[in-house]
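Chemist: just to be clear, the model below is a prediction. Sequence and coordinates:
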Number of protein chains: 2
Amino acid sequence: MTQPNILVVDDDPEICRLLGKYLDGQGFRCQLAANKRQCQQRLADSRVDLVVLDVMLPDGSGLDICREIKDERPDLAVILLTALKEDVDRIIGLELGADDYLGKPFNPRELAARIRAVLRRGSSAAPKEERTAPAYRFEGFTAIPERRSLSDPDGTDVPLTGAEFDLLMIFLDRPGRVLSREILMDLLHGRSVDPFDRSIDVTMSRLRRKLNDNGVFRLFKTVRNGGYQFAARVEREEDETQP
Amino acid sequence: MTQPNILVVDDDPEICRLLGKYLDGQGFRCQLAANKRQCQQRLADSRVDLVVLDVMLPDGSGLDICREIKDERPDLAVILLTALKEDVDRIIGLELGADDYLGKPFNPRELAARIRAVLRRGSSAAPKEERTAPAYRFEGFTAIPERRSLSDPDGTDVPLTGAEFDLLMIFLDRPGRVLSREILMDLLHGRSVDPFDRSIDVTMSRLRRKLNDNGVFRLFKTVRNGGYQFAARVEREEDETQP
DNA sequence: ATTGATTTGTTACGCTGTGTATCGAAGACC
DNA sequence: GGTCTTCGATACACAGCGTAACAAATCAAT
């Protein structure tokens, strides 16, 4: 996926515009729609990978749209924006098949992060079309998120378990940054750590072993009292490995 | 993170003081600044994890500060305080890269809660900058923050521990300046020194040894009763070291 | 469900990094 | 030189981390 295509549906033109601008700057390709009609037209006429949908639209609740989208194209991702922060709404939203939700007012950064998260999840669940898949390359290794596969410098496959691959991807998306255990735990499992939780360390250890990261030049650096850092250079490629 | 370091920037000394006191009581370590100059000085000389920033400052809008902060240190968290509660303002504030906002008048408890929330998220939501990795060069050595690596004039890797590398970076960012133990301690660990704390000295000693800084011409000069000074010339490079 | 295989979390123990204590060396001031 | 202070370096203690071994949970396929 070169640039994910996002459709923003919100009746407030100002929010719409700003959001579109922000997401553009974040590497997404954005389209806007102010109502149901426009929304449907965009969905019919252009490629859309994910919909950011305000549930409070003037013409008929956005919930309808959500339901319809999921009815017709179950693998199209939807993130709901809701002014009401009530859990009930959220549950309902998810019951309608939305992939995530966000209470208004929300932090655009968080929205961007969630979009990325949903898209990553999504591509594994529903294998996309003939689109080229992105690949991450580092120190001779090649990781392909779509296939959840990793091959070493010799080209031989390195079998990673789910958690190991997820952890690797977290680092590949954030090379050079020191990631604390809290953040890693949050990104990996969405929960927080209790003081003596060592699961991150163990998973790191296993991942390191499979990557033969035991030399002097560590791929993953340990920052004492800080967390871990991926120290290798990462290249994102629009890979052409397609049958 | 032991005690998060908060910088409160507000021109009203009373609000500043009260806020600082409250946040102190909430387990944060607080510093105060009344204007842009003070703000910049604090950011340069002490460790700051999060900035609480009034957008209505007398000397130039606080929005400038926010923009500058996010420009130089994208992963430093900022929470904006604004007198205008309009959504537009909020979004605009966030477009400047702030992590959250709060309309005045606000409930201190809510501020504390949001601070905790933002810190917990950390910079995980922060978009990755496509910025080239800077490298510091001095006396033949090359330090690359993104990899937390240091190589000596021969190009061989010098393994530094976390604290050693952090300390080195502090000096590389402030070449020629005499840094007191207080400032070093603050920048290194975000806490203040008790009178007989020698940990800085020990870390300096270990760092010096690893840099072979034992000749007559010292890389690190000791300033008696003053602190330490990095005496070599430092060049910052926008490095593109390809593997 | 039951079984067996695989993945993930937990515990325990040894290793490493960092702060503290201590002692000797180097200045500073008389 | 004598004395006091400050700094450098070594020694040691302790907390953070790596990982092996085990236990629990999850999954696949009957």
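Modeler: Noted; the coordinates are in hand.

Chemist: going by C-alpha atoms from here, please, whenever you check contacts or count neighbours.
Modeler: Will do.

Chemist: ok, A:Leu207 to A:Ile200 distance?
Modeler: Applying CA to CA, to the nearest Å, the value for A:Leu207 to A:Ile200 is 10 Å.

Chemist: what about A:Lys36, how many residues nearby?
Modeler: Other residues lying near A:Lys36 total 20 when counted by other CA atoms under 10 Å in any protein chain shown.

Chemist: hmm, A:Cys66 and it touching each other?
Modeler: No. Here A:Lys36 does not reach A:Cys66: they are 10.3 Å apart, not a contact under CA atoms under 8 Å.

Chemist: where along chain A do the strands fall?
Modeler: A:5-9, A:29-33, A:50-54, A:77-82, A:100-103, A:134-138, A:141-144, A:149-151, A:178-179, A:220-223, A:227-230, A:235-238 (DSSP state E).

Chemist: who in chain A is up against DNA strand D?
Modeler: A:198, A:201-202, A:204-206, A:208-209, A:214, A:222-227 (CA under 7 Å from any atom of the strand).

Chemist: flag whichever of these scores worst on pLDDT.
Modeler: Lowest pLDDT within these is found at A:Asn214 (80).

Chemist: what's near enough to touch that one?
Modeler: A:Arg208 (CA atoms under 8 Å, 6 or more residues apart in numbering or on different chains).

Chemist: one more: A:Leu76?
Modeler: Going by CA under 8 Å, 6+ apart, the list of residues near A:Leu76 reads A:Val48, A:Asp49, A:Leu50, A:Val51, A:Ile69, A:Lys70.

Chemist: next one: the closest residue to A:Gly140 other than its chain neighbours from A:Tyr136, what distance?
Modeler: Among residues not flanking A:Gly140 along the chain, A:Pro153 sits closest, at 4.3 Å (CA to CA, 6 or more residues apart in numbering or on different chains). Relative to A:Tyr136, A:Pro153 is positioned 13 Å away (criterion: CA to CA).

Chemist: do the same with A:Pro74
Modeler: Taking CA to CA, one finds A:Pro74 at 28 Å from A:Tyr136.

Chemist: ok, now A:Leu179?
Modeler: Going from A:Leu179 to A:Tyr136 by CA to CA gives 19 Å.

Chemist: who has more neighbours, the two?
Modeler: A:Leu179 (23 against 20).

Chemist: quick check: that one vs A:Asp186, distance?
Modeler: From A:Leu179 to A:Asp186 the distance is 11 Å (CA to CA).

Chemist: and the pLDDT for the residue nearest to the spatial centre of chain A?
Modeler: Ranked by distance to the mean C-alpha position of chain A (CA atoms, centre = their mean), the top residue is A:Ala117 at 1.8 Å. pLDDT, A:Ala117: 74.

Chemist: any idea how far it lies from A:Asp99?
Modeler: With CA to CA as the criterion, A:Ala117 and A:Asp99 are 10 Å apart.

Chemist: circling back to that earlier point, what do A:Pro153 and A:Tyr136 both touch?
Modeler: A:Thr142.

Chemist: neighbours of A:Val48, how many?
Modeler: Using other CA under 10 Å, A:Val48 has 18 other residues around it.

Chemist: what about the nearest residue to it once chain neighbours are set aside, how many residues close to it?
Modeler: Distances taken as CA to CA, 6+ apart put A:Asn5 closest to A:Val48, at 5.0 Å, once the chain neighbours are dropped. The tally of other residues near A:Asn5 (other CA under 10 Å) stands at 19.

Chemist: again with A:Arg198
Modeler: 12.

Chemist: with A:Leu111 instead?
Modeler: A:Leu111 - counted by other CA under 10 Å - has 20 other residues nearby.

Chemist: look up how far B:Asp71 lies from it.
Modeler: In terms of CA to CA, A:Leu111 sits 21 Å off from B:Asp71.

Chemist: please apply the same query to A:Gln26.
Modeler: Applying CA to CA to A:Gln26 and B:Asp71 gives a distance of 15 Å.

Chemist: then A:Ala33?
Modeler: From A:Ala33 to B:Asp71 the distance is 31 Å (CA to CA).

Chemist: quick one: which of the two has more around it?
Modeler: With neighbours defined as other CA under 10 Å, A:Ala33 and B:Asp71 compare such that A:Ala33 has more, 20 against 13.

Chemist: the more buried one touches A:Asp12, doesn't it?
Modeler: No. Counting by CA under 8 Å, A:Ala33 stays clear of A:Asp12, with 9.9 Å between them.

Chemist: name the residues contacting each of these two.
Modeler: Counting by CA under 8 Å, 6+ apart, nothing touches both A:Ala33 and A:Asp12.

Chemist: list the residues that contact the most far-flung residue of chain A relative to its centre.
Modeler: Each residue of chain A has a distance to the centre, and by CA atoms, centre = their mean the biggest one is for A:Val216: 32.6 Å. Residues counted as contacts of A:Val216 (CA under 8 Å, 6+ apart): none.

Chemist: what distance do you get for it to DNA strand C?
Modeler: 11 Å (CA to the nearest atom of the strand, to the nearest Å).
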